[in-house]
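K.L.:
Predicted coordinates and the sequence they were generated for:
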Amino acid sequence: MNAIKIAIVGVGNCASALVQGLYYYKSQPAEKASGLMHWQVGGYTPGDIKVVAAFDVDQRKVGKDLSAAIFAEPNCTAVFCKDITSTGVTVQMGRVLDGIADHMAEYEPHRTFVRAGLSEPDQAQVVQLLKESRAEILLNYLPVGSEEASRFYAECALEAGLALVNNIPVFIASDPQWAARFAAKGIPIIGDDIKAQIGATITHRVLTDLFKKRGVSLDRTYQLNTGGNTDFLNMLNRKRLSSKKKSKTEAVQSVAARRLDQENIHIGPSDYVPWQNDNKVCFIRMEGRLFGDVPMNLELRLSVEDSPNSAAVTIDAIRCVKLALDRGLGGVLEGPSAYFCKHPPRQFSDDDAYRLTEAFIRGPA
């Protein structure tokens, strides 16, 4: 089948894990491949995805071949595929806008070196680069809180005619005005805020749904997360967290038997622990009442490598968007957005979102 040509905005840990995965699974026979939700999506395998353009603002990555940039500092995710030859894709300088929190420059060795004499492109230049690359899909991998920058690249995608997979909690797909613009142009979009394969949000949702199905009253809950990658460093600026906290909280509230009062639910990033690198540690506590209002509580600790956990879902989102392009579909892909993302336009239970996504993949039979 024809290659699925993608462009990446933000060559950080998540992009590194995704690109490594494309090469890793290319060498894996289907019968031995593990760690994927789907080997094929509409006939497309991981090896059919090709990166044709990439943007970043860090001088340690800009101007380098993507094969080198994904391993450049401050990236610190697991290296599970070293044998990546030159991709022929040079990382281009992108727009900074609000893509970097000011406090990032205070931290070593994860200091982000931006600009360095490199001129930032305007919208017309980014659109031209996207068109020249022949990319079909744009992946937004910008840091949490990049509201202006995300909207800038969404505008570029619309103008260049690219589909969008919005991996971060800036509300594009779930904003009716943005969704309508993608629908009007016949351009598919999946968003917002990618769920991990087995991460804090999906685990918390499943447990919350379990309480509901087993008749246990959930009275209060929290989810605390720590990590040592630049995502957690970026989120030390609490002003950048409003959409992230809303996204994660709503993902859990939407599957509860009854919505919890604000003071009884706390979900969000907690702290930056440098030596954890890309390892994310999540603590979940749930307090409820069983038969006869007898109290109970559940505590869980989850430790995962954060970026491969995200890439496992993104690789399916990319292929679902490609199916929409093949079928001439535009606008928000409702089922895949609900299954792959924390803050879709419409929330479904994970079981229903799974069934909707499988039906979408099978096609309009």
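P.N.:
Structure received.

K.L.:
Quick one: the strands in the stretch 151-300 of the chain, in order.
P.N.:
Listed in chain order, the strands of the stretch 151-300 of the chain (DSSP state E, counting those that start in this stretch) span 163-166, 188-190, 217-227, 265-272, 279-289, 295-305.

K.L.:
could I get those strands as a markdown table with distance to Glu106?
P.N.:
Every C-beta, even on glycine, is put in place using the N, C-alpha and C of the backbone. Shown next, in a markdown table, are the strands of the stretch 151-300 of the chain (distance: least, C-beta to C-beta, whole Å):
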| stretch | distance to Glu106 |
| --- | --- |
| strand 163-166 | 29 |
| strand 188-190 | 35 |
| strand 217-227 | 18 |
| strand 265-272 | 12 |
| strand 279-289 | 22 |
| strand 295-305 | 26 |
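
K.L.:
By mean pLDDT, show me the worst of those strands.
P.N.:
Among the strands of the stretch 151-300 of the chain, strand 265-272 carries the lowest mean pLDDT, at a mean of 88.

K.L.:
How far away from the center of its chain is that one?
P.N.:
Centroid displacement of strand 265-272 relative to its chain, using C-alpha atoms, centre = their mean, to the nearest Å, is 18 Å.

K.L.:
now swap in stretch 37-44 and tell me
P.N.:
19 Å.

K.L.:
mind starting the numbering at 61 from now?
P.N.:
Understood, numbering begins at 61; the last thing we discussed is stretch 97-104.

K.L.:
Quick one: neighbours of the nearest residue to Arg349 once chain neighbours are set aside, just the number.
P.N.:
Among residues not flanking Arg349 along the chain, Ser277 sits closest, at 4.5 Å (C-beta to C-beta, 6 or more residues apart in numbering). Using other C-beta atoms under 10 Å, the number of residues around Ser277 comes to 15.

K.L.:
likewise Phe343?
P.N.:
Residues near Phe343, counting by other C-beta under 10 Å: 15.

K.L.:
Quick check: nearest residue in space to it, chain neighbours excluded?
P.N.:
Leu284 (4.6 Å).

K.L.:
same check, this time on Gly288
P.N.:
Per C-beta to C-beta, 6+ apart, closest to Gly288 is Gln336, 3.5 Å.

K.L.:
Look at Gly148 and tell me its secondary structure.
P.N.:
coil (DSSP: H, G, I helix; E, B strand; the rest coil).

K.L.:
Spit out the contact partners of it.
P.N.:
Asp125 (C-beta atoms under 8 Å, 6 or more residues apart in numbering).

K.L.:
same check, this time on the one 3 residues further on
P.N.:
Neighbouring residues of Val151 by C-beta under 8 Å, 6+ apart: Val71, Ala114, Phe115, Asp116, Lys121, Val122, Gly123, Lys124, Asp125, Leu126, Ala129.

K.L.:
Need the max-distance pair from these.
P.N.:
Phe115 and Asp125 (14.2 Å; C-beta to C-beta).

K.L.:
The two - which one has more neighbours?
P.N.:
More crowded of Phe115 and Asp125, by other C-beta under 10 Å: Phe115, with 26 against 16.

K.L.:
Show me which residues of the helix or strand hosting that one are buried.
P.N.:
Assigned by DSSP states H and E, Phe115 falls within strand 109-116. Buried residues in strand 109-116, counting neighbours by 16 or more other C-beta atoms under 10 Å, are found at Ile109, Val111, Val112, Ala113, Ala114, Phe115, Asp116.

K.L.:
same deal with stretch 247-254?
P.N.:
Applying 16+ other C-beta under 10 Å to stretch 247-254 flags Ile247, Pro248, Ile249, Ile250, Gly251, Asp252, Asp253, Ile254 as buried.

K.L.:
What residues are bridge-paired with Val111?
P.N.:
Note on Val111: beta-bridge partners Ile66, judged by DSSP bridges.

K.L.:
just checking, it touches Val71?
P.N.:
No: with contact defined as C-beta atoms under 8 Å, Val111 does not reach Val71; the gap is 9.7 Å.

K.L.:
Look at Gly177 and report its pLDDT.
P.N.:
pLDDT, Gly177: 63.

K.L.:
Could you verify my assumption that Pro405 touches Ser234?
P.N.:
Yes: between Pro405 and Ser234 there is a contact under C-beta under 8 Å: 4.7 Å.

K.L.:
The two: which is more packed in?
P.N.:
The neighbour count for Pro405 versus Ser234, taken as other C-beta under 10 Å, is higher for Ser234 (24 against 21).

K.L.:
list the contacts for the nearest residue to Val71 once chain neighbours are set aside?
P.N.:
Closest residue to Val71 apart from its sequence neighbours, by C-beta to C-beta, 6+ apart: Asp116 at 4.4 Å. Neighbouring residues of Asp116 by C-beta under 8 Å, 6+ apart: Gly70, Val71, Gly72, Val122, Ala129, Val151, Gln152, Met153, Gly154.
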